[in-house]
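Peer 1: only the shape, not the letters, is given here:
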Ligand code: M6R
């Protein structure tokens, strides 16, 4: 899972490639590299172990210049993060190639190529592609024909950018299973893994389709489909702006994004409410017809977005009375699914580029669903383009790998979906106005939760030396506890698990002792008394409790109980508001541990491989 960018222009393309890489770093950041054809049509390459900024530093000492170039930021799959395994990969000083995806048949290709006398310098699956291109070039084919033949030999997923000293001023790009766009400039063309990477240089894009191969020269673009037949692909004008993304004075993007949540949720609601009711067309022009037919909802997503789906299940079944199933995309895509009559398939994704979620959507389209709805933060992403109905969360770019505002805005969107489906099952306008009113109070309630920042930062000090933590919740607070545990583990590297509080006695209670902190999400709802009993079970075993609750809940702080008290929140929106202090808690613990908050080890923002 990596980011690729390329350019062919009359000007020096290196600054364009580096800016593109910075914008793609959310896809991986363990190594980075660039290759250009310089003024003498010689191939020059610089690679670093580390982040794009390390590449920039390295290039300031050893500048490259050229009108044709490709660059890459890597998230290691095959082969450890190292300079040798960093892209671009080359054949001698002749061909350079960047790749996003996984070549599944790299082993047999490697064996064949060894028999043909090729050497290998890396542990990657990618090196076989560049060798295979050379293999066909040796038969007298030109670069385009050699790439045609090479991709026919590949199994797996790839987006590719290829340059060659024999044909300077030309990039061949290919897409199969990994997103790739072409940016159209004036007398210049670009390629990248997403539109965002190229917004500083163009607003015009061609989204390559599955199997497409593009032959790109400064003044000419030809695209071929998977059968290698010439095709015309439409140019779209992106509505996105190349806004500079900075930390706005915050120490980390994650902290900024946590504090931006009142505004982000206001943006999610903006234009989606009228006269105190939800505007149906916010979900797409055919939303009304499709929602009229829907008798069941299947939600599929990954990670944090999956947790949002789990909260929605409680809402949809309790308030809209509609059956809802929620599943992890990587499981859904490989099992035989029985689809209930008139089911709507819903995906949730911040990036809209998560491979498992995209694959689940493609599978769903072959099943008996009435339609597909994507709840997504990134306009023009693969997910939104592939779905019939789309709700854009309008959270703004989320840079921190740990999702924060993406989650709370997804929940806001799902709450609106719940209202629209409940409307068809007897929710009156008055009741709807009541629910919408709660939505409108969200920015204010979250601001109150953010006021706990200092207290949480102090509390974090008691936690930073811990190695494990248990999170507990009941009802719709269980997925909130799961999300809290995910935040802690991904940024602080403390092992954290979430359990339904009632499940504790069926096994996990055995883990509880003096060294096992237990975090309980305990708003004042109808399950509170049940949860309190579960907390007593923890206390009786010497566990240390951190209870996130309301100011009006009657639990006393003591030596073994730390209380984090929120202003009272209506039950229906409590999952959104209670998420915020858990985010802050995880953040402060990770800061104390000196972790890389915005780019935690081993992770990437968008997971574009299986
Ligand atoms: O872009 P997506 O929402 O589809 O990403 C899915 C997960 O990779 C993502 O939610 C991940 O779990 C979070 N970044 C963790 O904070």
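Peer 2: Cool, got the structure. Computed from a predicted model, the values in this text were never measured in an experiment.
Peer 1: quick check: the residue of the stretch 501-610 of the chain nearest the ligand.
Peer 2: residue 607 (4.7 Å; Cβ to the nearest ligand atom). In short, each C-beta sits where N, CA and C put it, glycine included.
Peer 1: what number of residues lie near that residue?
Peer 2: Counted with other Cβ atoms under 10 Å, the neighbours of residue 607 add up to 22.
Peer 1: does it touch residue 359 like I think?
Peer 2: No - counting by Cβ atoms under 8 Å, residue 607 does not reach residue 359; the two are 11.7 Å apart.
Peer 1: get me the contact residues on the stretch 301-450 of the chain for the ligand.
Peer 2: Residues of the stretch 301-450 of the chain found near the ligand (Cβ under 6 Å from any ligand atom) are 302, 303, 304, 305, 349, 350, 351, 354, 357, 401, 402, 403.
Peer 1: ok, now with 8 Å
Peer 2: 301-306, 348-354, 357, 377, 383, 401-404, 406-407, 410 (Cβ under 8 Å from any ligand atom).
Peer 1: repeat that for the stretch 501-610 of the chain.
Peer 2: Counting by Cβ under 8 Å from any ligand atom, the stretch 501-610 of the chain sits next to the ligand at 603, 605, 606, 607.
Peer 1: got the contact list for the spatially closest residue to the second one that is not a sequence neighbour?
Peer 2: Just to be clear, that refers to residue 605. Distance criterion Cβ to Cβ, 6 or more residues apart in numbering; nearest residue to residue 605, sequence neighbours excluded, is residue 26 at 3.1 Å. For residue 26, the contacting residues are 3, 351, 399, 401, 604, 605, 606, by Cβ atoms under 8 Å, 6 or more residues apart in numbering.
Peer 1: how about the fourth one, phi and psi?
Peer 2: I take that to be residue 401. phi -60, psi -40 (degrees, to the nearest 10).
Peer 1: residue contacts, the closest residue to residue 76 other than its chain neighbours?
Peer 2: Nearest residue to residue 76, sequence neighbours excluded (Cβ to Cβ, 6+ apart): residue 30, at 5.3 Å. Contacts for residue 30 (Cβ under 8 Å, 6+ apart) come out as 49, 50, 74, 75, 76, 81.
Peer 1: same thing but at 10 Å, please
Peer 2: 2, 49-51, 73-76, 80-82, 85-86, 599, 601-602, 604 (Cβ atoms under 10 Å, 6 or more residues apart in numbering).
Peer 1: among those residues, which are in helices?
Peer 2: Using DSSP state H, no member of those falls in helices.
Peer 1: just the buried ones from those?
Peer 2: By neighbour count, with 16 or more other Cβ atoms under 10 Å, those hold 2, 49-51, 73-76, 81-82, 85-86, 599, 604 as buried.
Peer 1: you'd agree residue 171 is in a strand?
Peer 2: Yes - counting by DSSP: H, G, I helix; E, B strand; the rest coil, residue 171 is part of a strand.
Peer 1: just the pLDDT at it, thanks.
Peer 2: Residue 171 carries a pLDDT value of 98.
Peer 1: okay, and the beta partners of it?
Peer 2: On the basis of DSSP bridges, residue 171 is bridged to residue 216.
Peer 1: could you verify my assumption that it touches residue 6?
Peer 2: Yes - contact criterion Cβ atoms under 10 Å: residue 171 and residue 6 qualify, at 5.1 Å.
Peer 1: the two: which has the busier surroundings?
Peer 2: Legend: neighbour count by other Cβ under 10 Å for residue 171 and residue 6, higher for residue 6 (32 against 27).
Peer 1: tell me the SS of the more buried one?
Peer 2: Taken by three-state DSSP, the conformation at residue 6 corresponds to strand.
Peer 1: residues touching it, list them.
Peer 2: Per Cβ under 10 Å, 6+ apart, neighbours of residue 6: 13, 16-17, 20, 35-36, 68-72, 88, 98, 160-163, 171-173, 180, 182-183, 189-192, 216.
Peer 1: which residues does it bridge with?
Peer 2: residue 70, residue 191.
Peer 1: again with residue 35
Peer 2: residue 45, residue 70.
Peer 1: I'd say it and residue 89 touch.
Peer 2: Yes - proximity of residue 35 to residue 89 meets the contact threshold set by Cβ under 10 Å, at 9.1 Å.
Peer 1: where do the contact lists of the two overlap?
Peer 2: 45, 47, 72, 95, 96, 97, 98.
Peer 1: out of those residues, which comes closest to the ligand?
Peer 2: residue 72 (20.5 Å).
Peer 1: now that closest one, nearest residue through space, not along the chain?
Peer 2: Nearest to residue 72 is residue 87, by Cβ to Cβ, 6+ apart, at 3.7 Å.
Peer 1: what helix or strand is whatever residue of the stretch 151-300 of the chain ends up closest to the ligand located in?
Peer 2: Minimum separation of the stretch 151-300 of the chain from the ligand (Cβ to the nearest ligand atom) falls at residue 254, amounting to 9.4 Å. Assessed by DSSP states H and E, residue 254 sits inside helix 253-259.
Peer 1: could you point out which element follows that helix?
Peer 2: Counting by DSSP H and E, what follows helix 253-259 is helix 261-269.
Peer 1: what comes into contact with the next helix or strand after that next one?
Peer 2: Going down the chain from helix 261-269, the next helix or strand is strand 273-274, by DSSP H and E. With contacts defined as Cβ under 10 Å, 6+ apart, strand 273-274 is touched by 279, 282, 416, 419, 436, 437, 439, 440.
Peer 1: each with direction, which strands does strand 273-274 pair with?
Peer 2: Sheet pairing for strand 273-274, using DSSP bridges, gives strand 277-278 (antiparallel).
Peer 1: same question for the strand it pairs with, mean pLDDT?
Peer 2: 96.
Peer 1: what does that strand rub up against?
Peer 2: So strand 277-278 is in contact with 269, 272, 415-420, 422-423, 429, 432-433, 435-436, 439, going by Cβ under 10 Å, 6+ apart.
Peer 1: what's the closest of those to residue 544?
Peer 2: residue 415 (33.7 Å; Cβ to Cβ).
Peer 1: list the contacts of that closest one.
Peer 2: Going by Cβ under 10 Å, 6+ apart, the list of residues near residue 415 reads 268-269, 278, 311-312, 315-316, 319, 435-436, 438-439, 442, 572-573, 575-576.
Peer 1: from those, which land in helices?
Peer 2: 268, 269, 311, 312, 315, 435, 436, 438, 439, 442, 575, 576.
Peer 1: most neighbours of all the contacts of residue 26, which one?
Peer 2: Going by other Cβ under 10 Å, residue 3 tops the contacts of residue 26 with 33 neighbours.
Peer 1: by mean pLDDT, point me to the weakest helix or strand of this structure.
Peer 2: helix 528-540 (a mean of 84; mean pLDDT, DSSP states H and E).
Peer 1: can you list the strands that the very next helix or strand once past it pairs with?
Peer 2: Next in sequence after helix 528-540, counting helices and strands by DSSP H and E, comes strand 544-550. Strand 544-550 has the following strand partners under DSSP bridges: strand 517-522 (parallel), strand 561-566 (parallel).
Peer 1: average pLDDT for strand 544-550, rounded please.
Peer 2: Rounded mean pLDDT across strand 544-550 is 93.
Peer 1: buried ones in that strand?
Peer 2: Buried-residue list, strand 544-550, by 16+ other Cβ under 10 Å: 544, 545, 546, 547, 548, 549, 550.
Peer 1: now do stretch 241-252
Peer 2: 242, 252.
Peer 1: contacting residues around it?
Peer 2: 19, 22-23, 196-203, 253-260, 396-400, 402, 491, 587, 590-591, 596-599.
Peer 1: of these, just the buried ones, PyMOL syntax please.
Peer 2: The buried subset of those, as determined by 16+ other Cβ under 10 Å, is captured in PyMOL by this line:
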select buried, resi 19+22+23+196+197+198+199+201+202+203+253+254+255+256+257+258+259+260+396+397+398+399+400+402+491+587+590+591+597+598+599
